[in-house]
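S.K.: Just to be clear, the model below is a prediction. Sequence and coordinates:
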Number of protein chains: 4
Amino acid sequence: MISFPPALLNGYRNFMGGRYQDQRDRYRVLAEQGQKPNTLVVACCDSRAAPEMIFDSIPGELFVVRNVANMVPPYEPDGQYHSTSAALEFAVQALRVQDIIVMGHGRCGGIRAALDPNAEPLSPGDFIGKWMNLVAPAAEQIQGNANMTPGERQTALERISIRNSIANLRTFPCVKILEERGKLRIHGAWFDISNGELWLMDPKTQDFSRLDVEAAA
Amino acid sequence: MISFPPALLNGYRNFMGGRYQDQRDRYRVLAEQGQKPNTLVVACCDSRAAPEMIFDSIPGELFVVRNVANMVPPYEPDGQYHSTSAALEFAVQALRVQDIIVMGHGRCGGIRAALDPNAEPLSPGDFIGKWMNLVAPAAEQIQGNANMTPGERQTALERISIRNSIANLRTFPCVKILEERGKLRIHGAWFDISNGELWLMDPKTQDFSRLDVEAAA
Amino acid sequence: MISFPPALLNGYRNFMGGRYQDQRDRYRVLAEQGQKPNTLVVACCDSRAAPEMIFDSIPGELFVVRNVANMVPPYEPDGQYHSTSAALEFAVQALRVQDIIVMGHGRCGGIRAALDPNAEPLSPGDFIGKWMNLVAPAAEQIQGNANMTPGERQTALERISIRNSIANLRTFPCVKILEERGKLRIHGAWFDISNGELWLMDPKTQDFSRLDVEAAA
Amino acid sequence: MISFPPALLNGYRNFMGGRYQDQRDRYRVLAEQGQKPNTLVVACCDSRAAPEMIFDSIPGELFVVRNVANMVPPYEPDGQYHSTSAALEFAVQALRVQDIIVMGHGRCGGIRAALDPNAEPLSPGDFIGKWMNLVAPAAEQIQGNANMTPGERQTALERISIRNSIANLRTFPCVKILEERGKLRIHGAWFDISNGELWLMDPKTQDFSRLDVEAAA
């Protein structure tokens, strides 16, 4: 007896009866010819921020890495397992994506943990603690700013972290070179779960501003 | 000027005009009360195998880690950044998910790379090569079996890798303990991109068998 | 007193009262004019995998060799009795069949015996042991792969054995020549006893894929 | 593209929509628990004489060896491949069948070949010629009897061959011992393709007589 979650079995049935039917030929071609996504999205594991939903994407469109707080570590060619770096390398070098989107979101649990001065390890391995060290210096500075509200500190660090990941992206030689040659574009985005707003980062000023859906149409 | 990919801007407009409208209240509640997903899915970055599509899931339902070849490394409490282990820890300890699904798929590029005896590093860092070392012994053994077709070797390793990740999951003390107490269930699944079939792993035999959508109804 | 099995006597009565009535004229013509089957099926003796059932065939349609594990030995013109080679020769040269199907199935006891490292001879003659030597090298290799489940090893060898038999078929000069001239086609098939699925071998890749009954309609 | 014979594809569809539906549970149980046939049938490859049709049998009922002219060679523990002996050994020793039926039929092409004084090898390997050597002495004697019609000579040799195979069966130590202990019964049967009659051999006199379906009811 396989105790697969019933809600997911129902969902799969809906998929097979609905979306799969619409995309049957596309799936077959994607299987035969391989995937050719144009875009790599680095997104958060958060259950409320799936890029495929937010961008209403079709199969084969987005190559998606998801880790806690949508982070990219710096280039560390050291022989260790690097999940995110491996995905990045595969997307850029093997799939030759043209766009990389680092996509954060509001109310991020990982960022909240990084900002919590009393956070205790979730387990003896303290994997979240170590992972969030990637933004520790920025988190510490924001933490100390009592003039900002907790909500402001959270949003600020979410955006700082996106910029941080973009800076780390550029420590990868292949990314740096391809971007300089105009073969690769890097974008920052931030999704507001509470109201569905998408905020895009201006590549020059690095400010985030709300996308005006009507105006962009 | 923000050069965000136009196809994604279109997709976002569709989302805002469609799905977001349907789920507006749900998003608001999810923002206010936080996410409470029951299920962690460890999935591949592949653009053809997004769990949210395959399970037709709603916002807040699935906490999703995505890395190349949907792998879980073994428990290594060593002070390094461990993206997947951090997500696992967060899902199990902070979100208290009840089900973990390791979800592989056919035609996986990472598995293909692991099986290619002539594979060369994609970049000097060779991140994919190192990452796929997680299944290197099994890959080497399958590679040597010339009686199997390339397609059979690929499918075999995709499934071996799922079992390997499930075994690694159980090296995490929190997973092991909770599973033993009946608080956490671990599942293996494999999605066939070419025809939409979902194959589930029998927890006893560890064999995969195709889900009969009609029979499961 | 003839102690013929009563269940078979009952079955024969059903046949005479049913199917034979429907096919009475056909049987008479087949007796007078001789059989002209288009297809040779090499099938297993297994009681669950009779080709006439699976293909719902009519009298005169299939010329059927059945041995343990549906195997074809290589061409050995050595003066010994060769049951399967004789049937093959008769089908190809005397009956001029146009199609040869090597038809394996799941849960094959012969294949299981070939994979059992502790298998002991069933009798001092060890006929099964010798017969299964036809797939011994492949069996040994698969046996050594502890990463595959027993079920996966079994299925893998069942399919390898079909390909092996097809390769052996082509060592018969008459088969080789007729196939090259387009007068004879060779097919691999695998029947899943547990759910009735029929898997067909792609002649190019030699992979097996499930026949979609609806799509093939 | 798989060029599987369309007639067989149609037949398989009929099977899946008909008989398989009726026997679905039986197939599943047979897969899970293994086959347990009570009867081994040694039958001819002839397309007009499938035992499952003639005995209207259900899946799992008959373990069936089929070779040209439904013959059993004598016990020869010599290290060669012996297809029929292997099947016999498996049926008797592993499956522990209780009945063995050697089932011949009228208009048998193998018997006809054995009786043809001008028969030439069908191929340089002459596999049929060698295989039919199993009844060569009897065939030669009948051939010389010009007082019998060709039809009578054919029927006579078909029945002699059945008795010959039954005698060969008893050269297998396991068969001989089990039959002597009353654990195994051996039967001769002959099917008349032209009119559907089944003739059974009297174990004492070794004569064949037509089964009276009404009387046997």
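M.R.: Structure received.

S.K.: In chain A, where's the longest helix?
M.R.: What stands out as the longest helix in chain A, according to DSSP state H, is helix A:150-169.

S.K.: Quickly list what the spatially most central residue of chain A is bridged to.
M.R.: Centroid-nearest residue in chain A, with Cα atoms, centre = their mean: A:A43, separated by 1.5 Å. Note on A:A43: beta-bridge partners A:R66, judged by DSSP bridges.

S.K.: From C:L211, how far out is it?
M.R.: According to Cβ to Cβ, to the nearest Å, A:A43 and C:L211 sit 39 Å apart. All C-beta spots, glycine's among them, are computed from the backbone N, C-alpha and C.

S.K.: what does A:I142 give?
M.R.: 61 Å.

S.K.: A:D46 now?
M.R.: Distance, A:D46 to C:L211, using Cβ to Cβ: 42 Å.

S.K.: And for A:P124, nearest residue in space, chain neighbours not counted?
M.R.: Spatial nearest neighbour of A:P124, chain neighbours left out: B:P77 (6.6 Å); criterion: Cβ to Cβ, 6 or more residues apart in numbering or on different chains.

S.K.: how deep is the one you found tucked in, by neighbour count?
M.R.: B:P77: 16 surrounding residues under other Cβ atoms under 10 Å in any protein chain shown.

S.K.: list the contacts for it?
M.R.: Listed by Cβ atoms under 8 Å, 6 or more residues apart in numbering or on different chains, the contact partners of B:P77 are A:P124, A:G125, A:D126, A:F127.

S.K.: Angles on the backbone of A:V64, please.
M.R.: phi -130, psi 120 (degrees, to the nearest 10).

S.K.: Now do it: how many residues are near it, please.
M.R.: Using other Cβ under 10 Å, A:V64 has 29 other residues around it.

S.K.: Same question for A:F15.
M.R.: Here the number of neighbours of A:F15 (other Cβ under 10 Å) works out to 21.

S.K.: just A:K36 next, same as before
M.R.: Residue neighbour count, defined by other Cβ under 10 Å, stands at 13 for A:K36.

S.K.: surely it meets A:Q98?
M.R.: No: applying Cβ atoms under 8 Å as the test, A:K36 and A:Q98 come out as separate, 10.8 Å apart.

S.K.: Excluding covalently adjacent residues, which one is nearest to A:R159?
M.R.: Nearest one to A:R159, counting by Cβ to Cβ, 6+ apart, is A:F208 at 5.6 Å.

S.K.: how close does the residue nearest to A:P124 get to C:Q98?
M.R.: From B:P77 across to C:Q98, the span is 66 Å (Cβ to Cβ).

S.K.: and chain A, what are its domains?
M.R.: A:1-33, A:35-216 (automatic domain parsing).

S.K.: which residues of chain A fall in helices?
M.R.: With DSSP H as the criterion, chain A has helices at A:6-17, A:19-33, A:51-54, A:83-89, A:109-115, A:127-132, A:136-143, A:150-169, A:173-180, A:213-216.

S.K.: Run through the residues that contact the residue nearest to the centre of chain A.
M.R.: A:A43 makes contacts with A:A49, A:A50, A:P51, A:V64, A:V65, A:R66, A:N70, A:M103, as judged by Cβ under 8 Å, 6+ apart.

S.K.: Quick check on those residues: which are buried?
M.R.: Among those, those classed as buried by 16 or more other Cβ atoms under 10 Å in any protein chain shown are A:A49, A:A50, A:P51, A:V64, A:V65, A:R66, A:N70, A:M103.

S.K.: Could you dump those into CSV and include pLDDT and distance to A:E180?
M.R.: Below are the buried ones among the contacts of A:A43 laid out as CSV (pLDDT from 0 to 100; distance: Cβ to Cβ, whole Å):
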residue, pLDDT, distance to A:E180
A:A49, 97, 30
A:A50, 97, 32
A:P51, 98, 26
A:V64, 98, 25
A:V65, 98, 23
A:R66, 98, 28
A:N70, 97, 24
A:M103, 98, 23
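
S.K.: Tell me the one of the residues you listed nearest chain D?
M.R.: A:V64 (34.6 Å; Cβ to the nearest Cβ).

S.K.: My understanding was that that closest one contacts B:R66; is that so?
M.R.: Yes: in this structure, A:V64 is within contact of B:R66 by Cβ under 8 Å, at 5.3 Å.

S.K.: any idea how far A:V65 is from B:L62?
M.R.: Distance, A:V65 to B:L62, by Cβ to Cβ: 16 Å.

S.K.: One more: A:M148?
M.R.: Distance, A:M148 to B:L62, by Cβ to Cβ: 32 Å.

S.K.: So these two - more neighbours on which side?
M.R.: Comparing A:M148 with B:L62 by other Cβ under 10 Å, the one with more neighbours is B:L62, at 28 against 14.

S.K.: who touches the longest helix of chain A?
M.R.: So helix A:150-169 is contacted by A:42, A:69-75, A:88, A:100, A:102-108, A:111-112, A:114-115, A:134-135, A:138-139, A:142-143, A:145, A:148, A:175, A:186, A:188-190, A:201, A:206, A:208 (Cβ under 8 Å, 6+ apart).

S.K.: List only buried entries from those.
M.R.: Buried by 16+ other Cβ under 10 Å: A:42, A:69-73, A:75, A:88, A:100, A:102-108, A:111-112, A:114-115, A:134-135, A:138-139, A:142, A:175, A:186, A:188-190, A:201, A:208, out of the contacts of helix A:150-169.

S.K.: Let me know which of the domains of chain A is tucked in deepest.
M.R.: Across the domains of chain A, averaging neighbours per residue (mean count of other Cβ atoms under 10 Å in any protein chain shown) puts domain A:35-216 on top, at a mean of 20.

S.K.: Show me how far that one is from its chain's centre.
M.R.: 4 Å (Cα atoms, centre = their mean, to the nearest Å).

S.K.: likewise stretch A:18-26?
M.R.: Centre-to-centre, stretch A:18-26 and its host chain are 26 Å apart (Cα atoms, centre = their mean).

S.K.: Check stretch A:33-51 too.
M.R.: So, by Cα atoms, centre = their mean, the centroid of stretch A:33-51 is 8 Å from its chain's centroid.

S.K.: Isn't A:V175 up against A:L184?
M.R.: Yes: counting by Cβ under 8 Å, A:V175 does reach A:L184; the two are 6.5 Å apart.

S.K.: okay, and the common contacts of those two?
M.R.: By Cβ under 8 Å, 6+ apart, A:V175 and A:L184 have these common neighbours: A:V92, A:I100.

S.K.: quick one on the thing from earlier: need the contacts of B:P77 in JSON lines with pLDDT, can you?
M.R.: Listed next are the contacts of B:P77 as JSON lines, based on pLDDT from 0 to 100:
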{"residue": "A:P124", "pLDDT": "90"}
{"residue": "A:G125", "pLDDT": "91"}
{"residue": "A:D126", "pLDDT": "93"}
{"residue": "A:F127", "pLDDT": "94"}
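
S.K.: want to try CSV for those, with distance to B:S57 as columns?
M.R.: Output for the contacts of B:P77, formatted as CSV (distance: Cβ to Cβ, whole Å):
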residue, distance to B:S57
A:P124, 32
A:G125, 29
A:D126, 30
A:F127, 25
